[in-house]
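1. Provided below for reference: sequence and predicted model.
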Amino acid sequence: MTEAPNLSQAVHALQDLYPLRYAEDWDAPGLVVGDLRAPVRVIHCAVDPTLDVVDEAISMGADLLITHHPLFFRAVHEVSGLGFRGEIVRRLIEHHCALWVGHTNADAAYRGVADSAATAFGLEELRPLVPIEDANSSHQVGLGRVGVMPGSKTLGDVARRVAEVLPATQLGIQVSGDLDAVVHTVAVLPGSGDSLFEEVRNSSADVYITSDLRHHPATDARQQALYEIEMRQAGIPLGGGASSSPALINTPHSAIEGLWFNNAPQDVANRIEASSGFRPRISVSSLNTDPWTMCIPGAAEERHSELS
């Protein structure tokens, strides 16, 4: 039987797939916890390194936990029992389970988070929304993806497709736009995306699928879209080179990023096997790590009727 690779070899394979050089300047993905000499036979994957996810990985005998979100976003000065992060580190070390994070590096990579989400939504002819130049890659890489929606699909059709393929959450999705409008081009940015509205406008996307859209940027984008439609109907070009503001589909953050695991388990297993001759057993967490546990639709219209 082929000997299992050690953690150092597994990390090397992971960082071939999701190079750390793709990470944003503020980000620090990669290996967080682990003994580089320890064997890696069983790998568990999840979006968030929560206490429940760590316990799940331990219960499955995982030697390595791969998550999308970091355990530490900022510098820390202790990993004691005073906080949950210290407890997570303790449990991982005690049970000989390493933790590796693929965050913005995995967002940008080929078959990474953005690629996986865009493909799951049915988009074709993908290109990065914000390209990264990498002479070492034979594929286009970068943040987000822009693609073509085949067939004659409306915004309502696209929204229903998104809802169908996303992991279930209490939050669901929100849509802003004309549900009967025909969609040709779609921009996708898993994670918080309201800082890239200008890039999305310049991509000529009809729809922007992302997460964590705040009230003011989303309202401004929608109002600009309505105004541009009004001006076009009046035969008045606004100029500036940018396309009309797109319709919006706001998704639960953890759900859209969880689509990475449509591709990652097979890709990671293949890469480790190719480099070591050993194929690890890889599983994906079934836990819902979205923070919201209940969603109640507003009932203002019903209250208004009662008052009338």
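-> Ah, there it is.

2. who's in contact with the strand or helix carrying R160?
-> Assigned by DSSP states H and E, R160 belongs to helix 155-165. Outside of helix 155-165, the residues that reach it under the criterion C-beta atoms under 8 Å, 6 or more residues apart in numbering are 120-122, 149, 153, 172-173, 175, 177-181, 183, 186, 206-207, 209, 247, 249, 251, 259. Any C-beta I mention is one placed from the backbone N, CA and C, and that applies to glycine too.

3. and it, which residues are buried?
-> When burial is assessed from 16 or more other C-beta atoms under 10 Å, helix 155-165 yields the following buried residues: 155, 157-159, 161-162, 165.

4. now the strands: where do they sit in this structure?
-> Using DSSP state E, the strands found in the chain span residues 30-33, 42-46, 64-67, 98-101, 124-132, 141-154, 174-176, 182-192, 207-211, 247-251, 281-284.

5. got a markdown table for these, with mean neighbour count too?
-> Rendered in a markdown table, the data for those read as follows (neighbours: other C-beta atoms under 10 Å):
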| stretch | mean neighbour count |
| --- | --- |
| strand 30-33 | 18 |
| strand 42-46 | 23 |
| strand 64-67 | 28 |
| strand 98-101 | 24 |
| strand 124-132 | 15 |
| strand 141-154 | 19 |
| strand 174-176 | 17 |
| strand 182-192 | 22 |
| strand 207-211 | 27 |
| strand 247-251 | 25 |
| strand 281-284 | 17 |
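
6. how about these in CSV, adding distance to D55 and mean pLDDT?
-> Conversion of the strands of the chain to CSV gives the following (distance: least, C-beta to C-beta, whole Å; pLDDT from 0 to 100):
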stretch, distance to D55, mean pLDDT
strand 30-33, 15, 96
strand 42-46, 11, 98
strand 64-67, 11, 98
strand 98-101, 13, 98
strand 124-132, 36, 97
strand 141-154, 32, 96
strand 174-176, 32, 94
strand 182-192, 25, 96
strand 207-211, 26, 97
strand 247-251, 27, 96
strand 281-284, 14, 98
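
7. redo those strands as JSON lines? Include distance to E78.
-> As requested, these are arranged in JSON lines below (distance: least, C-beta to C-beta, whole Å):
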{"stretch": "strand 30-33", "distance to E78": "15"}
{"stretch": "strand 42-46", "distance to E78": "24"}
{"stretch": "strand 64-67", "distance to E78": "21"}
{"stretch": "strand 98-101", "distance to E78": "17"}
{"stretch": "strand 124-132", "distance to E78": "35"}
{"stretch": "strand 141-154", "distance to E78": "33"}
{"stretch": "strand 174-176", "distance to E78": "39"}
{"stretch": "strand 182-192", "distance to E78": "28"}
{"stretch": "strand 207-211", "distance to E78": "31"}
{"stretch": "strand 247-251", "distance to E78": "35"}
{"stretch": "strand 281-284", "distance to E78": "32"}
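
8. looking at these, which is nearest to G112?
-> Nearest of the strands of the chain to G112, taken as C-beta to C-beta: strand 141-154 at 8.0 Å.
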